[in-house]
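1. what follows is a predicted structure for the sequence shown.
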Amino acid sequence: MAGLGGAFLTIGSVGPFGREMTAGQGFIALTAIFGRWSPIGALFAALLFGFANNLQSILGIIGTPIPSQFMLMAPYLATIFAVAGLVGRVRAPAADGRPYVKG
C-alpha cells in the first residue's frame, strides 16, 4: 500500500521526485497503527486524516474567523487525538520483522 501511494505521489500527482515533496504529511503513516494493522482499518483512518487535511482548505476558502494557524494544526491534532485517544492497546502482527519463508 505504501509503495502504491509513493508511486502515485511521484509519478501521477507531482511528477519528478523532489526534496520536501510530501510537505510534512508523513504523519499519515500512523494510519497503519490507527487502523489496527488491517487494510480496511488503514483505509478508514486515511480517509479520516484526509478529511482533516482537507478541512483546513475548506475553512480557509469560506472565510471562517478561526486563525489560519489553528486550521493548519487540524490534521496533526486529529492524528494525535486518534492515535492517543481512540486506538487503545494495539499490538503489531506476530510476524512483524521476520522474513517470509515459504514452507
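-> That came through, no problem.

2. give me the low-pLDDT residue ranges for the protein?
-> 1-2, 14-15, 22, 27-34, 85-90 (pLDDT under 70).

3. tell me where it has helices.
-> All helices of the chain, identified by DSSP state H, fall at 2-7, 31-34, 39-62, 68-81.

4. deepest of the ones you listed, which one?
-> helix 31-34 (a mean of 20; mean count of other Cβ atoms under 10 Å). The C-beta positions use only the backbone N, C-alpha and C, and glycine is treated the same way.

5. need the nearest residue in space to Q25, chain neighbours excluded.
-> Nearest residue to Q25, sequence neighbours excluded (Cβ to Cβ, 6 or more residues apart in numbering): N53, at 7.4 Å.

6. list the contacts for that neighbour?
-> 25, 74-75 (Cβ atoms under 8 Å, 6 or more residues apart in numbering).

7. any idea which of those is closest to A84?
-> Using Cβ to Cβ, P75 is the member of those that lies nearest A84, at 14.7 Å.

8. residues in contact with that closest one?
-> 25, 27, 49, 52-53, 56.

9. can you tell me how far it is from A92?
-> P75 sits 24 Å away from A92, going by Cβ to Cβ, to the nearest Å.

10. turn the contacts of P75 into TSV, including distance to G12.
-> Putting the contacts of P75 into TSV (distance: Cβ to Cβ, whole Å) gives the following:
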residue	distance to G12
Q25	16
F27	22
F49	20
A52	23
N53	18
Q56	23
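
11. widest-spaced pair of those residues?
-> Maximum distance among the contacts of P75 (Cβ to Cβ): 13.7 Å, for F27 and Q56.

12. re the thing from before, turn the helices of the chain into JSON lines, including distance to P99.
-> Below are these laid out as JSON lines (distance: least, Cβ to Cβ, whole Å):
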{"stretch": "helix 2-7", "distance to P99": "18"}
{"stretch": "helix 31-34", "distance to P99": "19"}
{"stretch": "helix 39-62", "distance to P99": "21"}
{"stretch": "helix 68-81", "distance to P99": "31"}
